[in-house]
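sequence and predicted model, in that order:
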Amino acid sequence: MAADKKTKRAVSPELYVRLLALAILAAALFVGPPWKTWLAASGCGLAAGVFLVQAIRGRPTRRTRWLNWLFALIFGATAIWLAFLR
């Protein structure tokens, strides 16, 4: 894990992947229709993967494990739907 220089706390690697997924989804707003669907589907798939990893590893807490499963299911279903929408 990388350390934040100001607070010296460890930064979770999932945070970087979430930021990448958000950047991919934001890029989908600015491209044309053929690529828009693929970028949105890949961003949703990446977000689903992050939530799935967090649900399996039990991060950040055990109480929110079910919420991570729910978000993984929602983003995964959206990615599949977008892939078949093209």
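Yep, it's here. Numbers count the residues shown, from 1 in each chain.

which residues sit in contact with the residue lying closest to residue 73 once chain neighbours are set aside?
Closest residue in space to residue 73, ignoring its immediate chain neighbours: residue 48 at 7.8 Å, by CB to CB, 6 or more residues apart in numbering. For the C-beta atoms, the positions are set from N, CA and C on the backbone; glycine is no exception. Contact partners of residue 48, counting by CB atoms under 8 Å, 6 or more residues apart in numbering, are 71, 72, 73, 74, 75, 76, 78, 79.

and what of residue 43?
So residue 43 contacts 21, 22, 24, 25, 28 (CB under 8 Å, 6+ apart).

can you give me the distance of it to residue 52?
15 Å (CB to CB, to the nearest Å).

center of this protein - which residue?
The centroid of the chain falls nearest to residue 47 when counting by CA atoms, centre = their mean (1.5 Å).

which element is that one on?
helix 33-57 (DSSP states H and E).

next, the buried residues of that helix.
Within helix 33-57, the residues scored as buried using 16 or more other CB atoms under 10 Å are 36-37, 39-52, 54-55.

can you report how many residues neighbour residue 32?
Residues within reach of residue 32, counting by other CB atoms under 10 Å, total 6.

just the pLDDT for it.
Note for residue 32: predicted pLDDT of 83.

ok, it to residue 73 distance?
In terms of CB to CB, residue 32 sits 30 Å off from residue 73.
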